[in-house]
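>>> A predicted structure for the sequence below; I have some questions about it.
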Amino acid sequence: MTMDRRTFSAALASAIAGLLGGRSGAQPQMPRPATPSANAGAPPAPAPAPSPSPSPELPSLGMNASFNGLRLFPGSEWYRDVSGAPVEPENDAYLSTLGMQNLILEGLGYYGIPYFIVDSRLQPHVPVILTQYQSESDTVWAPLPLRDDIVAGHPANSVWPATPTDADRHVVVFDRATHLSYELYRAYRRIDHWQAASMTVWDTDAGDLQRPYGWTSADVGGLPILVGLLRADQVATDSIDHAMRFTVAHNSSLFASPPAMHAQYWGTGAHPLPFGKRLRLKATANPRHVRSRYTPTVVAALKKFGMIAADTGTPLAPTGDTTVMQGSKGGVDNDITMDLSALLTRDFEVVTAGPQTVHVEGSAMPEGQAPVIASFSASRREISAGTEVILTPQYSGQALAFLAPAGGAQRTPALVTDRPTRTQWYSLQVNNPHGSVKASRRVIVADGPTVYAHYDRFIGPAGSVRNTGLSRHSPWPISVLNDAGYRYALAGAVIGLLDGVYDVSRSSGDNIAAICIPDGAPGKPTVLQAVNTHKAIIAGGGNRLAPLGKFYKCASHIQVIGVSVNTDAADFCLDFFGQNDTGLYVGACLFSGMRSAAVNIAGSYVHTYTGAFLQKNHVEGTPGTHLARLNDTLETHLRGNTASGGASAVWLDAGGNVGVVVD
């Protein structure tokens, strides 16, 4: 991962230090998600299900609710008693890199990470669009409430004076029906889905090693967040029985496994502590003052279980949930934070915790059998809308498998029934520590609102996987949005943009368009088409680049149909520049807010484009904005285009054009 994850850390550490007086600082049946047959619009309502009967063993529902004694990840390294573990030989070197820091407890009324408990028999599954770390994410619809206050840093669950956009924006949701934990990094709620830089799904009935070695998670070190939180339900009942997650201000090229699965190296620190390594509070160390009745409970846990390096952030900072605990003087319990802040780096020691193996980032990972997909089939290839389709996955060697948009997470292969109302791609992803494999299957709805008989790829709010464009059968769905390294659509493919808003406002400074279509192939058009006209909206844009691409060279047979683009930052929506380009069609599109023109066709050679056709488009803007800016084109047709707001539906002549026809 890159340093962008932790820009908030320094400011947070400084501000907290100011507050502290200037110190430095028999598992249940896996239910099937509600069928997302339309795959767009409002999330589908959950299938009717009886309300689960309350029981002492069942976790409560809601924000930072009690787990009522349920142990997550039983047998995990998080529960190892290290009170008698030997001190690492490199202890002094590790501590010198950590520096002389105060312990800063994040949470319990300060800037912590909330968690939310749901029951997927009652909570609808919604799409999750994955962006920055999609290639190391789990692609599945998730039972995530569409509410902002479950995001870490939201004012509703933190008294810390920070805007949510400044933070890592973690979302942690536990499903008590399946014992799965859904953990997101840089998460944003949209109208009918979530968007996140990454999503990891953990089986909390299993052990530490579930996902491929070298994969990150919502934490840099590839660790689960929920199990390492200092939770109020445990503090209040004196039942902390696990190590705590804590952050460091450096990165390492090493990671200790288990429990870590990933490393990251910035080149900082002479001897950085690897992710997965554990600090233990010395038996003789204690806070100078004990103001809070909760302090002895936390101190005892730090001595018995310690804390595990999981992420970058505030130095020497274990993380709690965001429950506002009542202190001795009422209000937020500052007392426990003040008590623990007296502990310094020198009060801890790095211990050897069980049979850990230290791995180097980029080196060969432990060998083992990757999962295998034997087959992934649908009962019917072509159906009428609403007809039942049975999906049959066959795989082995997995920790977890994921079917999207219908099917959810699976521990073992199971049939999935869906009733799509329009042509639907289904994806299957299977993970274990030694690899991740994917497969896809398409079911064509012949009489649906849109027929996709020739569609090859889709982009939409059902999750994404990275696609380099090198493989013949790329995984579904590909994402070319918001990933600076992988934004190229396949040449010679039809790309379907599903309904929804695609926010590209965070593309500022990337110097790359939201969607780029590389060289086409004669007779094999590259088509970017909305599922329903003007329902796929490309919005925002942080720079003046064309959001649907710039500088296409040797492009052939490109079609853009029914897409709405709304940005006041870009000069053009499509920017074609090159030579020997043929066959451009732009139809039924809505363009608004362009600075110059919606479509720019220009080149350094005479008659760059042959056969450009713009039909039934609408452009909105200010005076001086045109539908098209043409330069050195041959046989360009503009037919049935309209304009409003001062924009011109015709073309701006930039010279060298031959045979432009407006009819």
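In hand now; what should we look at?

>>> going forward, measure contacts between C-alpha atoms and count neighbours the same way
OK.

>>> settle this for me: Asp238 is touching Thr297, isn't it.
Yes. Asp238 lies in contact with Thr297 (Cα atoms under 8 Å); the separation is 5.8 Å.

>>> who are the contact partners of the nearest residue to His125 once chain neighbours are set aside?
Distance criterion Cα to Cα, 6 or more residues apart in numbering; nearest residue to His125, sequence neighbours excluded, is Pro143 at 4.1 Å. Shown in contact with Pro143 (Cα atoms under 8 Å, 6 or more residues apart in numbering): Val118, Ser120, Gln123, Pro124, His125, Val126, Val173, Asp175.

>>> three-state assignment of the third one?
Translated: Gln123. What DSSP: H, G, I helix; E, B strand; the rest coil gives for Gln123 is coil.

>>> that one: neighbour count?
Applying other Cα atoms under 10 Å, we find 18 residues neighbouring Gln123.

>>> do the first one as well
Here the count is done by other Cα under 10 Å, and Val118 has 24 residues near it.

>>> contact partners for it?
Val118 is in contact with Leu61, Gly62, Pro143, Val173, Phe174, Asp175, Arg176, counting by Cα under 8 Å, 6+ apart.

>>> from these, list just the buried residues.
Using 16 or more other Cα atoms under 10 Å as the burial test, those include Leu61, Pro143, Val173, Phe174, Asp175, Arg176 as buried.

>>> make JSON lines out of those residues and add pLDDT, secondary structure and distance to Trp425.
Compiled in JSON lines, the buried ones among the contacts of Val118 are given as follows (pLDDT from 0 to 100; DSSP: H, G, I helix; E, B strand; the rest coil; distance: Cα to Cα, whole Å):
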{"residue": "Leu61", "pLDDT": "96", "secondary structure": "coil", "distance to Trp425": "33"}
{"residue": "Pro143", "pLDDT": "97", "secondary structure": "coil", "distance to Trp425": "20"}
{"residue": "Val173", "pLDDT": "98", "secondary structure": "strand", "distance to Trp425": "27"}
{"residue": "Phe174", "pLDDT": "98", "secondary structure": "strand", "distance to Trp425": "27"}
{"residue": "Asp175", "pLDDT": "98", "secondary structure": "strand", "distance to Trp425": "26"}
{"residue": "Arg176", "pLDDT": "97", "secondary structure": "coil", "distance to Trp425": "29"}
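
>>> those: which two are farthest apart?
Spatial extent of the buried ones among the contacts of Val118 (Cα to Cα) is set by the pair Leu61 and Pro143 at 13.0 Å.

>>> circling back: what's the lowest-pLDDT member of the contacts of Pro143?
The member of the contacts of Pro143 with the lowest pLDDT is Val126, at 90.

>>> so that one makes contact with Leu144?
Yes. Between Val126 and Leu144 there is a contact under Cα under 8 Å: 6.6 Å.

>>> wait, which of the contacts of Pro143 is closest to Phe246?
The nearest member of the contacts of Pro143 to Phe246, counting by Cα to Cα, is Val173 at 19.6 Å.

>>> next, the contact list for the closest one, please.
Tyr115, Phe116, Ile117, Val118, Pro143, Leu144, Ser181, Tyr182, Glu183.

>>> can you redo the buried ones among the contacts of Val118 as CSV with distance to Ile444?
CSV is the format used below for the buried ones among the contacts of Val118 (distance: Cα to Cα, whole Å):
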residue, distance to Ile444
Leu61, 39
Pro143, 27
Val173, 34
Phe174, 35
Asp175, 33
Arg176, 35
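
>>> ok, and the closest non-adjacent residue to Val351?
In space, Val351 is closest to Val87, 4.3 Å off (Cα to Cα, 6+ apart).

>>> for the one you found, the count of nearby residues, please.
16.

>>> and it, what pLDDT?
97.

>>> again, but for Gly540
For Gly540, pLDDT reads 64.

>>> cool, and the one 3 residues further on?
At Asn543, the pLDDT value in this model is 62.

>>> go on, the one 10 residues further on?
Looking at Lys553, its pLDDT is 52.

>>> give me the domain ranges for the protein.
If you go by automatic domain parsing, the domain ranges for the chain are 76-360, 367-448, 462-662.

>>> how about the ones you listed in JSON lines, adding distance to Asn68?
Below are the domains of the chain laid out as JSON lines (distance: least, Cα to Cα, whole Å):
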{"stretch": "domain 76-360", "distance to Asn68": "8"}
{"stretch": "domain 367-448", "distance to Asn68": "24"}
{"stretch": "domain 462-662", "distance to Asn68": "33"}
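
>>> and Phe67, which of the ones you listed is closest to it?
domain 76-360 (7.5 Å).

>>> end-to-end on the closest one?
Terminal residues of domain 76-360 are spaced 22 Å apart (Cα to Cα, to the nearest Å).

>>> use 833 as the first number from now on
OK, 833 is where the count begins now, so the last one is domain 908-1192.

>>> where do the strands sit along the stretch 983-1132 of the chain?
Ranges of strands within the stretch 983-1132 of the chain are 1003-1007, 1012-1021, 1026-1035, 1076-1080, 1086-1089, 1110-1113, based on DSSP state E, counting those that start in this stretch.

>>> parallel or antiparallel, list what pairs with the third one.
The partner list of strand 1026-1035 in its sheet, established with DSSP bridges, is strand 960-962 (parallel), strand 1012-1021 (antiparallel).

>>> ok, and what's touching the longest one?
Residues lying outside strand 1012-1021 but in contact with it, judged by Cα under 8 Å, 6+ apart, are 974, 978-980, 983, 999-1007, 1026-1036, 1050-1051, 1056-1058.

>>> filter those residues to the buried ones?
The buried subset of the contacts of strand 1012-1021 - by 16+ other Cα under 10 Å - is 974, 978, 980, 983, 999-1007, 1026-1036, 1050-1051, 1056-1058.

>>> dump stretch 1061-1081 to PDB, restricted to CA.
Only the C-alpha atoms of stretch 1061-1081 are listed here, as PDB (Å, rounded to 0.1, in the frame of the first residue of the first chain):
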ATOM      1  CA  LEU A1061     -10.400  -3.900  18.900                       C
ATOM      2  CA  LEU A1062     -10.500  -3.000  22.600                       C
ATOM      3  CA  ARG A1063     -14.300  -3.400  23.000                       C
ATOM      4  CA  ALA A1064     -16.300  -1.700  25.600                       C
ATOM      5  CA  ASP A1065     -18.400  -4.800  26.300                       C
ATOM      6  CA  GLN A1066     -15.200  -6.600  27.400                       C
ATOM      7  CA  VAL A1067     -13.700  -3.700  29.300                       C
ATOM      8  CA  ALA A1068     -16.900  -3.200  31.300                       C
ATOM      9  CA  THR A1069     -17.100  -6.900  32.200                       C
ATOM     10  CA  ASP A1070     -13.300  -7.400  32.900                       C
ATOM     11  CA  SER A1071     -13.200 -10.100  30.100                       C
ATOM     12  CA  ILE A1072     -10.500  -8.900  27.700                       C
ATOM     13  CA  ASP A1073      -9.100 -12.200  26.500                       C
ATOM     14  CA  HIS A1074      -7.100 -11.200  23.400                       C
ATOM     15  CA  ALA A1075      -4.300  -9.000  22.100                       C
ATOM     16  CA  MET A1076      -5.100  -5.500  20.900                       C
ATOM     17  CA  ARG A1077      -4.600  -4.100  17.400                       C
ATOM     18  CA  PHE A1078      -2.100  -1.200  17.400                       C
ATOM     19  CA  THR A1079      -0.600   1.200  14.900                       C
ATOM     20  CA  VAL A1080       3.000   2.300  14.300                       C
ATOM     21  CA  ALA A1081       4.400   5.300  12.500                       C
END
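
>>> name the residues of that stretch that are buried.
Within stretch 1061-1081, the residues that count as buried by 16+ other Cα under 10 Å are 1061-1067, 1072-1081.
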